[in-house]
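Undergrad: Sequence plus the predicted model coming up.
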Amino acid sequence: MKTYSSIPAEEHKNSINCNLCGSPLRRPYWDCGEYIFSRCNNCSLIYQYPQPVQTDLSLRYNDDYFEYEINNEEAFFGLMIKTLDDIRFSERSSFLLNPGAEFLDVGCATGLLLAHMETFGWKSRGVELCPSSAEYGKNIRKLDIFNGTLEEAGYSDNQFSVIHSSHLIEHLTDPSEYINEVFRILKPGGFLITTTPNATSLQAGLFGKNWRSAIGDHMYLFSLRTLTRLIKAQKFNIIQTGTWGGLAEGLVPGVIKKPVDKMAKKFNFGDVMVILAQKR
């Protein structure tokens, strides 16, 4: 089953080069009907071609998207906490946590993770493109959330100790510019945590264009190799990588799913991946 995906109205689209290496050479990879994923001939990055322009793309994150986020926030929060535990976030970040240390969640949805981080002493801020989700976090949870893109937020140089995103970077039209902005506003020694679908997962290989992450709202589909290359290009040190989720719930009996999931985590063919990086 695919994740939530909007059904866009007619949109303006751009012809683009590869966001990772700049090559104009590509070949069709998955034809999904209303949209096509191509693969770069040079670096193998998978991306939608052509792509909706940002102003049109932003309109997809409407009240329907808010309902999806609010209805699933507890499940998403649980997965984010498991990811943070996997990378030993509390232990690794202890040297960064001091009075006034700031934690930024980009694509923070309704702000449940931000509220959680504040209980541990972090000064939490969020960025969220969906207006209704941002308003919910601000009005109900009393959080500091900017409605828009990270680049529009205009944060200060070296402001944050930790910048986190979960299932955000695949939605962006310019992930390279996003990583550049993260580098600018992250303190030296600070952590970047990025979680996103893994385009070289077992499920992606099995299901192809019917993979649950091959949806119209995803502009890019990264592998561990391509995302690592993108992050390292901005002079981050890669501290840890990992994947999880061998087979989706309900695809196979539990007696098969459990060992496959363990193997996916051990051998990095899981459906979702995380990269922990540190600013030099």
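TA: Received, thanks.
Undergrad: And N19, which helix or strand is it part of?
TA: Applying DSSP states H and E as the criterion places N19 outside every helix and strand.
Undergrad: If I look at the closest residue to it other than its chain neighbours, what pLDDT would I see?
TA: The shortest distance from N19 to any non-neighbouring residue, by Cβ to Cβ, 6 or more residues apart in numbering, is to S176 (5.2 Å). No exception for glycine: its C-beta is placed from N, CA and C like everyone else's. On pLDDT, S176 comes in at 98.
Undergrad: Kindly report the same for L104.
TA: Looking at L104, its pLDDT stands at 99.
Undergrad: For the stretch 1-150 of the chain, just list every one of the helices.
TA: In the stretch 1-150 of the chain, the segments counted as helices under DSSP state H, counting those that start in this stretch are 54-58, 63-86, 89-93, 112-118, 131-139, 150-153.
Undergrad: Which among those helices is found nearest to T228?
TA: Closest to T228 of the helices of the stretch 1-150 of the chain is helix 63-86 (Cβ to Cβ; 16.8 Å).
Undergrad: sorry, back to before: how close does the residue nearest to N19 get to F66?
TA: From S176 across to F66, the span is 28 Å (Cβ to Cβ, to the nearest Å).
Undergrad: Likewise for L79?
TA: Between L79 and F66 the distance, using Cβ to Cβ, works out to 19 Å.
Undergrad: Centre of the chain to stretch 90-110, how far?
TA: Averaging C-alpha coordinates over stretch 90-110 and over its chain gives two centres that are 17 Å apart (Cα atoms, centre = their mean, to the nearest Å).
Undergrad: again, but for stretch 77-85
TA: With Cα atoms, centre = their mean as the basis, stretch 77-85 stands 14 Å off its chain's centre.
Undergrad: Other residues contacting that stretch?
TA: Residues from elsewhere that reach stretch 77-85, judged by Cβ atoms under 8 Å, 6 or more residues apart in numbering: 90, 112-113, 116, 166, 193, 195, 274.
Undergrad: now these: which count as buried?
TA: With neighbours counted using 16 or more other Cβ atoms under 10 Å, the contacts of stretch 77-85 contain these buried positions: 112-113, 116, 166, 193, 195, 274.
Undergrad: So which of those is the closest to I46?
TA: Proximity to I46 was ranked across the buried ones among the contacts of stretch 77-85 by Cβ to Cβ; first place goes to T195, at 17.4 Å.
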